[in-house]
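>>> got a structure for you, letters missing:
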């Protein structure tokens, strides 16, 4: 998270009103010069390994469709607003793509974003920017991915959950894919518990199995006498399944998932994956 800003002295003694300390969307005025300086330093630091001098700058400009009339390097260094964020994001991706490490430069960028109250951070994979979220939430997702990756019975749940996270919080989010990956994560994690013998199982068929064979399932959740302990899990799964608006086409226009819906789906999926990975949902023989 951005560092906790100390209230300005003028505000502390009542000479001025407190100001908004962020997190800031886009590139506020106070972050333009620091980020442009970082871009310049990054371009100067990337080893060319035999490529011509403009190779990096030209590649990034082409990828971002930036006008190089005044020079490739100037198009990148002088970028502003969303273009500047795109340049930073593209340079991070370029480094990972070329397997170039630069801990000092990454640390400097992290400090700029953090101290400047940016709404963005360097992604865990170091290949771009993503929106900041509460560390506790991010760490919980990360732990769930690790747990799923260490459990063979959950298939590709870890990969799908990671993809959902990247597409929900990355610099260029894709809500439709994020939601789809969230569902795939749950399907992978729940398959061996709910429908292990159905090679074509989906979240929809699993919900049908829970409904028609309820007596076979149990959870670690405590329930009051006469209450159904499996119902909360089923309802969360159903909310995720029925909330995917772009799953099928029809005579009416297909409605793509919103970014908020995709992010909610990602967090719901993480909860469900953890329930299945931990063994909190069981099936009797």
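That came in fine, so what should we check first? Quantities reported herein were computed from a predicted structural model and do not represent experimental measurements. Numbers count the residues shown, from 1 in each chain.
>>> tell me which element the spatially closest residue to residue 125 that is not a sequence neighbour is part of?
The spatial neighbour of residue 125 that comes closest, neighbours along the chain excluded (Cβ to Cβ, 6 or more residues apart in numbering), is residue 96 at 7.2 Å. C-betas here are computed from N, CA, C, even on glycine. Secondary structure assignment for residue 96, by DSSP states H and E: helix 81-97.
>>> what's the spacing between residue 244 and residue 175?
Separation of residue 244 from residue 175 (Cβ to Cβ, to the nearest Å): 11 Å.
>>> joint contacts of those two?
Counting by Cβ atoms under 8 Å, 6 or more residues apart in numbering, the common neighbours of residue 244 and residue 175 are residue 257.
>>> doesn't residue 262 belong to a strand?
No: secondary structure assignment (DSSP: H, G, I helix; E, B strand; the rest coil) places residue 262 in helix, not in a strand.
>>> quick one on the thing from earlier: which strands and helices lie in contact with the helix holding residue 96?
Judged by 3 or more Cβ pairs under 8 Å, 6 or more residues apart in numbering; DSSP states H and E, the packing partners of helix 81-97 are helix 29-45, helix 55-64, strand 129-131.
>>> if we go to 6 Å?
Under the contact definition 3 or more Cβ pairs under 6 Å, 6 or more residues apart in numbering; DSSP states H and E, helix 81-97 sits against helix 29-45, helix 55-64.
>>> would JSON lines of the ones you listed with mean neighbour count and mean pLDDT be doable?
As requested, those are exported to JSON lines (neighbours: other Cβ atoms under 10 Å; pLDDT from 0 to 100):
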{"stretch": "helix 29-45", "mean neighbour count": "16", "mean pLDDT": "94"}
{"stretch": "helix 55-64", "mean neighbour count": "17", "mean pLDDT": "92"}
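>>> tally of neighbours for residue 285?
Using other Cβ atoms under 10 Å, residue 285 is surrounded by 3 other residues.
>>> err, residue 187, not the other one
When neighbours are counted by other Cβ under 10 Å, residue 187 registers 25.
>>> that's a strand at it, yeah?
No: per three-state DSSP, residue 187 lies outside any strand segment and is helix.
>>> next up, the contacts around it.
Residues in contact with residue 187 (Cβ atoms under 6 Å, 6 or more residues apart in numbering) are residue 203.
>>> measure it to residue 276 for me?
Counting by Cβ to Cβ - residue 187 and residue 276 are separated by 10 Å.
>>> check residue 39 too.
In terms of Cβ to Cβ, residue 39 sits 43 Å off from residue 276.
>>> and residue 146, by the same measure?
Taking Cβ to Cβ, one finds residue 146 at 15 Å from residue 276.
>>> over to residue 223?
Residue 223 is 18 Å from residue 276, by Cβ to Cβ.
>>> swap in residue 35?
As judged by Cβ to Cβ, residue 35 and residue 276 stand 42 Å apart.
>>> equivalent analysis for residue 212, please.
Shown here: residue 212 relative to residue 276, a distance of 19 Å by Cβ to Cβ.
>>> tell me where this structure has helices.
Secondary structure of the chain by DSSP state H: the helices cover 9-12, 29-45, 55-64, 72-77, 81-97, 103-115, 135-149, 157-169, 175-194, 203-212, 231-242, 259-277.
>>> among the ones you listed, which is nearest residue 124?
helix 135-149 (7.0 Å; Cβ to Cβ).
>>> run the chain-centre distance for the closest one.
From the chain centre to the centre of helix 135-149 is a distance of 12 Å (Cα atoms, centre = their mean, to the nearest Å).
>>> stretch 32-42 too?
In terms of Cα atoms, centre = their mean, the centre of stretch 32-42 is set 25 Å apart from its chain centre.
>>> stretch 30-37 too?
On the basis of Cα atoms, centre = their mean, stretch 30-37 sits 25 Å off its chain's mean C-alpha point.
>>> same check, this time on stretch 240-247
In this view, stretch 240-247 has its centroid 19 Å away from the chain centroid, taken as Cα atoms, centre = their mean.
>>> and the gap between the residue lying closest to residue 238 once chain neighbours are set aside and residue 197?
Take residue 238 and drop its neighbours on the chain: the residue closest to it by Cβ to Cβ, 6+ apart is residue 207, 5.7 Å away. From residue 207 across to residue 197, the span is 17 Å (Cβ to Cβ).
>>> between these two, which one's more packed in?
Shown here are residue 207 and residue 197; by other Cβ under 10 Å, residue 207 has more neighbours (19 against 5).
>>> which pLDDT value goes with the more buried one?
For residue 207, the pLDDT comes out at 96.
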